[in-house]
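*Asks:* can you look at this prediction? I've put the sequence above it.
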Amino acid sequence: MSRFLCTAIALVCKYITKGWKGVEEACSEGEKSEDVQKVFVYLEALEKAKHCTDEQELINLIEEHRLETEQLPTTFLKSKQVWKALLKEIPLPVLLKRLGKLTADKVLLPGSPDVSSVCERILDDTALKQVKSNPFSILAASEHYKRGHGKLGKLKWDPDADIVQALDSSFCKSISAVEGTGKRFLLAVDVSSSLGTVTHGSSISTVAVAAGMCMIFAQTEPTAQIVVFSEGSLVPCAISANMTLMEAAEVLIQAPVPGTDCALPITWASENEKTVDVFIIFTNNRCTGTENPADALKMYRQKSGVFSKLIVCGLASKHLCVADPEDCGMLDICGFDSQSLDVIRNFALNIF
């Protein structure tokens, strides 16, 4: 660790434990290097912001020192001008979470330069790569913003069309950052009931999750096969990497047919001699088929000679008992969130 870094950390710790007076005392002895002086000036700006009572002065501090919301007095977080200053450097994950509030508070007005700036940030390739944006995180932010209200319904806003379009495009862009596994996947979406319910662990619809995951695998896994199924019926699904999320969702929304047979995708692959490394099943329901999916997978393994894996995603489930707990090649996922994609990928690659 460099001498500068040690000194910088010591100054920050001094500010945390002893306040600004402690930093002044620590820097009063001897000359400060140029790098240490920068740390000193930044901490001084934090101290000024903490006690600031003038809006314009605070805006100047934000713009000069790239201060963030957590470093400002809460009384100024109601100011539109302060938020306009914050928008220039606000981290992308924070921006995505606050889009609804900023629209509701009229900070982002239709056709304004601020909306154009926000759309540029959302679509910026460098920003997406720097924060390693998970496609599901952007999908969740997009679906939340489109809904036009918060979880409790108290905060409401009219979604801006330009921001909605930017979020959809950003989701498609973020997929390109996902590394393929080289595995042969079969994604099966259960359409035996409505996909309009809310995903457990998230605030977005199950159809959006299923459509988004199909788009991700269609683009990142060249050999991936996608099907939809219900009781006694399974058909290939024409979802491609070139589709928008809405187009993919429309393909999945079909007339519900009673009954869920989660073994059907596995038996279909066996009967049609499809080679599959990983089966991923998306469903809202309990399995009601006559054949156990775990048993069907074991039979498929014996016939194909491939140690295939099974992942069952109960999108609206709090409890799920499909996988054989003694089998390391089977996994149940209850609900779905931003970490689920990584879990699926790591499970497919035996990374645990």
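*Replies:* Perfect, I can see it now. Computed from a predicted structure; not experimentally measured.
*Asks:* run a quick neighbour tally on the residue nearest to residue 95 when sequence neighbours are not counted.
*Replies:* Spatially, and ignoring its direct neighbours in sequence, residue 95 is nearest to residue 121 (6.4 Å; Cβ to Cβ, 6 or more residues apart in numbering). C-beta: built from backbone N, CA, C; applies to glycine. Applying other Cβ atoms under 10 Å, we find 20 residues neighbouring residue 121.
*Asks:* okay, how far is it across stretch 60-69, tip to tip?
*Replies:* In stretch 60-69, first residue to last residue: 14 Å (Cα to Cα, to the nearest Å).
*Asks:* and what of stretch 119-127?
*Replies:* 12 Å.
*Asks:* any residues touching that stretch, and which ones?
*Replies:* 92, 95, 96, 162, 163, 165, 166, 167, 169, 170, 173 (Cβ atoms under 8 Å, 6 or more residues apart in numbering).
*Asks:* got a PyMOL select line for the buried ones in those?
*Replies:* Those of the contacts of stretch 119-127 that count as buried under 16 or more other Cβ atoms under 10 Å are selected in PyMOL with:
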select buried, resi 92+95+96+162+163+166+167+169+170+173
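*Asks:* what about the contacts of stretch 119-127, which are in helices?
*Replies:* 92, 95, 96, 162, 163, 165, 166, 167, 169, 170, 173 (DSSP state H).
*Asks:* kindly reformat these as a markdown table containing distance to residue 10 and pLDDT.
*Replies:* Converted to a markdown table, these look like this (distance: Cβ to Cβ, whole Å; pLDDT from 0 to 100):
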| residue | distance to residue 10 | pLDDT |
| --- | --- | --- |
| 92 | 31 | 87 |
| 95 | 33 | 91 |
| 96 | 35 | 91 |
| 162 | 47 | 96 |
| 163 | 43 | 96 |
| 165 | 48 | 94 |
| 166 | 43 | 95 |
| 167 | 42 | 94 |
| 169 | 45 | 90 |
| 170 | 40 | 91 |
| 173 | 41 | 87 |
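*Asks:* redo those residues as a markdown table? Include distance to residue 34.
*Replies:* Formatted as a markdown table, the ones in helices among the contacts of stretch 119-127 follow (distance: Cβ to Cβ, whole Å):
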| residue | distance to residue 34 |
| --- | --- |
| 92 | 30 |
| 95 | 32 |
| 96 | 36 |
| 162 | 43 |
| 163 | 41 |
| 165 | 45 |
| 166 | 40 |
| 167 | 42 |
| 169 | 42 |
| 170 | 38 |
| 173 | 39 |
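*Asks:* nearest to residue 318 among these?
*Replies:* Closest to residue 318 out of the ones in helices among the contacts of stretch 119-127 is residue 96 (26.7 Å), distances taken as Cβ to Cβ.
*Asks:* surely the closest one and residue 141 touch.
*Replies:* Yes. The pair formed by residue 96 and residue 141 meets the contact definition of Cβ atoms under 8 Å, at 3.9 Å.
*Asks:* which among the ones in helices among the contacts of stretch 119-127 gets closest to residue 344?
*Replies:* Within the ones in helices among the contacts of stretch 119-127, the smallest distance to residue 344 is 20.7 Å, found for residue 173 (Cβ to Cβ).
*Asks:* tell me how far that closest one lies from residue 149.
*Replies:* From residue 173 across to residue 149, the span is 27 Å (Cβ to Cβ, to the nearest Å).
*Asks:* may I see the buried residues of the longest helix seen in the chain?
*Replies:* Counting by DSSP H, the longest helix found in the chain is helix 3-27. Across helix 3-27, burial judged by 16+ other Cβ under 10 Å covers 7, 8, 11, 14, 15, 20, 23, 26, 27.
*Asks:* max pairwise distance over the residues you listed: which two?
*Replies:* Using Cβ to Cβ, the two most remote members of the buried residues of helix 3-27 are 7 and 20, lying 17.1 Å apart.
*Asks:* per-residue pLDDT, the residue nearest in space to the middle of the chain?
*Replies:* The chain has residue 137 as the residue nearest its centroid, 1.4 Å off, counting by Cα atoms, centre = their mean. Here, the pLDDT recorded for residue 137 equals 87.
*Asks:* tally of neighbours for the nearest residue to residue 225 once chain neighbours are set aside?
*Replies:* Leaving aside its sequence neighbours, residue 225 sits nearest to residue 186 (Cβ to Cβ, 6+ apart; 4.9 Å). Residues lying near residue 186 (other Cβ under 10 Å) number 23.
*Asks:* so what's residue 186 up against?
*Replies:* Applying Cβ under 8 Å, 6+ apart, the residues near residue 186 are 224, 225, 226, 227, 265, 269, 274, 276, 278, 279, 280.
*Asks:* measure the fifth one to residue 239 for me?
*Replies:* Distance of residue 265 to residue 239, given as Cβ to Cβ: 15 Å.
*Asks:* neighbour count: those two, which is higher?
*Replies:* Between residue 265 and residue 239, residue 265 has the larger neighbour count (other Cβ under 10 Å), namely 27 against 24.
*Asks:* mind giving me the packing neighbours of the helix or strand harbouring residue 341?
*Replies:* Residue 341 is part of helix 340-348 when elements are defined by DSSP states H and E. In terms of contacts (3 or more Cβ pairs under 8 Å, 6 or more residues apart in numbering; DSSP states H and E), helix 340-348 is packed against helix 135-147, strand 278-283, strand 309-314, strand 330-334.
*Asks:* report the helix or strand with the lowest average pLDDT across the protein.
*Replies:* Using mean pLDDT, DSSP states H and E, the weakest-scoring helix or strand in the chain turns out to be helix 125-130, at a mean of 77.
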